[in-house]
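>>> Quick one, fold the following:
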Amino acid sequence: MGEAFSLESARAAAAAGHTARWVGELLASPGSDNEMLAAALAQRELWWVGPVSLAVEDLIRLAGPEDDALCEIDESDWEADVEAMTESVEQGWEPPPLLVEYQDGRLVLQDGNHRYEALVREGASSAWVLVYFDDPADRDAFAAECAPA
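Here you go, the predicted structure:
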């Protein structure tokens, strides 16, 4: 993933009110290759929070080599990608925020499952995420919970 997609660029996009565009560009970029999700998100009106740091234990991973994964990935491909990202994290790489969908109180990883796994393997207790919502009231309630005290 290119340098254009970082925590700092996500923060800048959010400050300018361009989170949806930043996400679309990230999803269509080489390394993410998730144009279908970008197109699906572009068709919906969404409300965003983030980037915010959330506990990794609160995030639900959808993709992986497990038989029950919603998006099953070949184990050797999964391991190669996660190991490469883990090495990058060890060398100081901070991955772009994970993309999370708020679904009835659950935080579901829609993009960044490999990045998430690399962070977990490195012992991270939290991850930077962008969370999207179908309902502005849900977004407002969530944002109030995330606000610093």
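
>>> Quick one: name whatever helix or strand follows the lowest-mean-pLDDT helix or strand in the chain.
Ranked by mean pLDDT, DSSP states H and E, the weakest helix or strand in the chain is strand 63-64, scoring a mean of 71. Next along the chain after strand 63-64, taking DSSP states H and E as the criterion, comes strand 71-72.

>>> Could you list every helix and strand that the helix or strand following that following strand packs against?
Using DSSP H and E, the helix or strand that follows strand 71-72 towards the C-terminus is helix 75-90. In this structure, helix 75-90 makes packing contacts with helix 113-121, judged by 3 or more C-beta pairs under 8 Å, 6 or more residues apart in numbering; DSSP states H and E. The way it works is simple: take the backbone N, C-alpha and C, and place the C-beta from them, glycine included.

>>> change it to 10 Å
Judged by 3 or more C-beta pairs under 10 Å, 6 or more residues apart in numbering; DSSP states H and E, the packing partners of helix 75-90 are strand 63-64, helix 113-121.

>>> and the least confident helix or strand of the chain, which strands flank it?
Sheet pairing of strand 63-64 (DSSP bridges) gives strand 71-72 (parallel).
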